[in-house]
Structure formats: C-alpha cells, structure tokens
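In: Based on what follows, work out the 3D shape:
(one chain, ligands or ions: 1)
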Amino acid sequence: MDFQLNEELKTLQDTARKFAETELKTKAREMDHAEKLDLSVFKKMAEQGFTALTIPEKFGGAGTYDAHMANQAACIVLEEINRRCASTGVTLSVHMSLFSSLMTKWASDDIKSRYLPDMASGKKIGAYCLSEAGAGSDAGSLQTRAKKNGDHYILNGTKLWITSGEYADVFIVMARTSDTGKTKDISSFVVDAKAPGVSISKKEKKMGIRASATNEVVLQDVKVPANNLIGEEGIGFKIALDTLDGGRIGIAAQAVGIARASVEDAVEYAKTRQQFEQPIAQFQAIQFKLADMAMRVDAARLLMYRAAWLRDNGLPCGKEAAMAKLAASEAANYCAKEAVQIFGGNGYSREYDVERYFRDARITEIYEGTSEVQRIVISRAVLA
Ligand code: CAA
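Out: As a prediction, the model looks like this:
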C-alpha cells in the first residue's frame with residue numbers, strides 16, 4: 001500500500017496549485033459577484049493541459065488516461081481549482097468527466113476523432129444533458145424523444161440544470177428512442193450546440209457556484225446524424241449512470257477543495273484574530289472545531305482517491321464513488337459552516353471568502369445525485 005502520489009501526479013498537483021493561486025485567488029470573488037465566468041480562465045486551464053487529462057493520447061489527450069491515472073489526475077487538479085473557485089471547478093469537471101470521459105469510454109472512434117481533440121485542447125467546451133423538469137433523481141423518467149428518420153434522428157425535448165449550457169459547443173443528450181416507458185428505451189447522442197433547433201432558453205439564478213452557467217436547453221426538431229448515436233440504441237441510461245460514477249468522483253474532488261479552503265482560511269484567521277487578549281486559536285472551542293474539520297477533509301480525500309484508483313483500473317466503483325461524493329459533500333458543508341462560525345461577523349460578510357464557500361458547498365449535496373441518491377446506491381450495494 002502506498003499513500004504517496006507518484007512524481008507525475010505531484011508535479012501536476014504543484015502546477016494546478018500554482019495556477020489556482022495566480023489565476024483564481026482574486027478572480028473567484030469578482031466572478032461570483034458578477035455571476036459570470038471569465039472564459040479566458042478555461043482557455044488558460046486548457047493551456048496547462050488540464051482539459052486533456054481524461055482523453056487518450058490517440059485523440060489529443062495528455063497520456064494520463066493511457067497510464068491508468070485519468071481519474072486520479074482529474075481529482076488532484078479539481079481539488080486545487082475548487083479550492084480557489086468552485087464555479088470554475090464545476091465547469092472543468094463536467095467537461096472532463098461527464099463529457100470527455102463518457103465519449104472516451106462509450107463512443108465510436110469516428111465520434112472520438114471528430115470531437116475529442118478539440119475537447120482536449122479546450123477549443124471547445126462540452127456539456128451533459130440528462131436532467132429534465134420531471135426527471136431529476138428519477139433520471140430514468142426523462143421524456144426527450146429521438147425519432148429515427150433515415151440517416152438521422154429528430155430530437156425534441158427540454159433539458160434542465162445543464163452546467164455550461166450557454167458556453168458549450170457540444171452536448172451529450174440522453175433521449176428516448178422507443179416508448180415502452182423503461183430505462184432501456186434511452187439512448188445517448190452527440191449534439192452540436194449550433195445545430196438548428198438547439199436553443200438556450202433560461203439561465204438559473206443560483207445560491208452558489210454563481211459564476212458557472214446553469215441553463216435550460218431546448219431541442220426543437222433537431223436533426224442529428226445517425227452516426228452521432230453513442231454506442232447503440234437502448235444503452236443510453238447505462239451510459240449515463242456509468243458516467244455519473246466518474247462524475248461523482250469529480251464532485252467529491254470539488255467538495256474536498258471547498259472543505260480544504262474552509263479549513264485553511266479558518267486556521268489563518270484563528271491564528272490572527274485576537275479576542276480576550278489572545279488569538280482565538282488558543283481557545284479549545286476553536287481548536288476542536290478545526291480538528292473535526294481537518295479530519296473530515298482527510299477522510300473524504302482518501303475515499304475520493306480510492307474511488308478514482310478503482311475507476312482508473314477498470315474496477316467496479318459505483319458504491320465507492322457514491323461514498324466519496326457523500327462524505328466529501330457533507331464534509332464541505334460541515335467545514336464551510338464551521339468556517340463561517342469561526343470568522344463570526346466577518347464570516348457573514350462578502351469581504352471574506354468563507355460565505356462563498358458556504359453557498360458553493362450546498363450544491364455538492366445536490367447535483368450529480370443528491371445525498372439521498374448516494375445513500376440509495378450505497379445501501380443497494382451493501383444489501384446485495
Ligand atoms: N453503471 C452502469 N449501469 C447502471 C448503473 C451504473 N452505475 N446503475 C444502474 N445501472 C443500470 C442497471 O443495471 C439497470 O440496467 P438493467 O435493467 O439492465 O439491470 C439500469 O441501469 C437501471 O438501473 P436502476 O433500476 O437501478 O435505475 P433506477 O431508475 O432505480 O435509478 C438511481 C437508480 C440510482 C436513483 C439513478 O436514477 C440515479 O443515479 N439518479 C440520480 C441522477 C443524477 O445523478 N442526476 C444528476 C444529473 S447530472 C448533473 O448534475 C448535471 C451537471 O451538469 C452537474
């Protein structure tokens with residue numbers, strides 16, 4: 001057993017940490033207030049090679065996929081990026097895990113060669129369209145239709161809560177290709193955002209991760225070439241859930257990043273904030289809070305690394321990914337809440353970052369499967 005990162009991953013961690021310090025530390029607050037992502041940050045992350053981490057070398061990737069380290073590398077980078085900016089973090093996570101990893105694992109070489117090089121270089125941004133108004137936790141009840149018509153399909157439906165909807169160049173869309181009402185009717189398609197009939201009808205105004213875009217995507221008689229079907233008809237739900245196993249590891253990394261930010265900021269503040277003629281870090285009430293926070297960060301990170309390692313080695317990881325996401329998202333919420341408490345009045349002010357961590361942490365218990373869904377996945381595995 002080895003609890004050390006190898007040299008390649010250590011270098012990557014160092015690069016991501018430096019990038020987050022220089023590019024995101026001050027920008028995160030500005031982008032949150034403006035509720036807008038600076039897309040030049042995404043391009044800069046691509047220049048660092050982050051967008052290539054989950055893509056095979058053959059299709060423009062970085063080599064981490066071929067070395068069975070894609071998920072571990074993604075986690076390491078995502079923790080650092082999210083430590084500074086969760087809005088940037090989710091944009092990168094969806095691009096890398098829900099889009100590029102799905103395409104890498106399930107699509108034909110023809111699709112991969114047409115789309116993945118631009119995803120690896122960051123020239124294009126990817127998004128994942130599963131959720132609908134009536135299909136959140138019950139994702140299998142989605143109603144978007146894809147009707148075969150010769151050499152193409154016609155897609156109709158409305159997707160909700162789509163991360164990067166308005167920025168994305170390409171969508172992966174889950175739609176029903178037959179009508180028995182079961183999950184085996186669902187298929188996955190690659191849809192170009194510029195295809196006639198695709199429109200962005202709404203941008204959500206959110207509590208947290210405000211700089212990331214979360215949109216409603218409408219598909220009205222969208223003509224999609226038949227060779228943009230991923231795999232075969234009827235396996236779209238399996239593809240969607242398998243992809244979410246990987247996506248949940250990415251959200252665990254996001255949550256670990258937010259939790260770590262909360263601890264680090266709270267430690268710094270507690271050492272300098274004087275009350276009753278001493279730094280508040282001298283009080284056991286504060287020390288015990290910091291101890292509980294630090295323990296939760298480490299426990300979550302270990303669960304995250306285990307899930308990432310399993311996935312990189314092609315081993316089953318549904319339960320482990322759910323455990324990592326559940327533990328990390330609860331740690332993020334716990335740590336951010338305690339950080340606000342340690343900061344006191346200042347923690348409630350927008351002058352400090354901890355109020356943002358508190359708002360950003362909340363979504364990690366909701367998207368890519370609520371905490372309740374993670375408990376369903378874990379308990380089914382435990383009882384099997
Ligand atoms: N991998 C591969 N296949 C899987 C799977 C997995 N992890 N989990 C289930 N399946 C397969 C099953 O084997 C089954 O296939 P068979 O019929 O051949 O056996 C099929 O999928 C249906 O499985 P279930 O019967 O378990 O499905 P269910 O309807 O009971 O749902 C659920 C289970 C766990 C609740 C699932 O619906 C779920 O995870 N819901 C949450 C959805 C979610 O996470 N949405 C997030 C949207 S993405 C997002 O947040 C957007 C963003 O941009 C950040």
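In: Tell me which residues of the host helix or strand of Glu264 come out buried.
Out: Assigned by DSSP states H and E, Glu264 belongs to helix 236-272. If you call a residue buried by 16 or more other C-beta atoms under 10 Å, then helix 236-272 has these buried ones: 236-237, 239-267, 269-270. Where you see a C-beta, it was placed from the backbone N, CA and C, and this is true even at glycine.
In: so Glu233 makes contact with Ser178?
Out: Yes. Applying C-beta atoms under 8 Å as the test, Glu233 and Ser178 come out as touching, 7.4 Å apart.
In: Filtering the buried residues of helix 236-272 by proximity to the ligand, which remain?
Out: Residues of the buried residues of helix 236-272 in contact with the ligand (C-beta under 6 Å from any ligand atom): Phe237, Leu241, Asp242, Leu244, Asp245.
In: Max pairwise distance over those residues: which two?
Out: By the measure C-beta to C-beta, Phe237 and Asp245 form the most distant pair in those, at 13.2 Å.
In: contacts for the helix or strand where Thr15 lies?
Out: Using DSSP H and E, Thr15 sits within helix 7-19. By C-beta atoms under 8 Å, 6 or more residues apart in numbering, the surrounding residues in contact with helix 7-19 are 5, 44-45, 48, 50, 64, 67, 69, 72-73, 76-77, 79-81.
In: Number of residues surrounding the nearest residue to Ile81 once chain neighbours are set aside?
Out: Distances taken as C-beta to C-beta, 6 or more residues apart in numbering put Gly89 closest to Ile81, at 4.6 Å, once the chain neighbours are dropped. Residues lying near Gly89 (other C-beta atoms under 10 Å) number 30.
In: I'd say Gly89 and Ala261 touch.
Out: No. If you go by C-beta under 8 Å, Gly89 and Ala261 don't touch, sitting 10.7 Å apart.
In: Which of the three states applies to Lys36?
Out: Following DSSP: H, G, I helix; E, B strand; the rest coil, Lys36 is assigned to coil.
In: Alongside the ligand, which residues does this structure contribute?
Out: 94, 128, 130-131, 137, 139-140, 161-163, 183, 237-238, 241-242, 244-245, 318, 367-369, 373, 376-377.
In: Report the buried members of those.
Out: Buried among those by 16+ other C-beta under 10 Å: 94, 128, 130-131, 139-140, 161-163, 183, 237, 241-242, 244-245, 318, 367-369, 373, 377.
In: quick one, what contacts the closest residue to Arg176 other than its chain neighbours?
Out: Ranked by C-beta to C-beta, 6+ apart and with sequence neighbours excluded, the top spatial neighbour of Arg176 is Asp185, at 4.8 Å. Asp185 is in contact with Arg176, Thr177, Ser178, Asp179, Gly234, counting by C-beta under 8 Å, 6+ apart.
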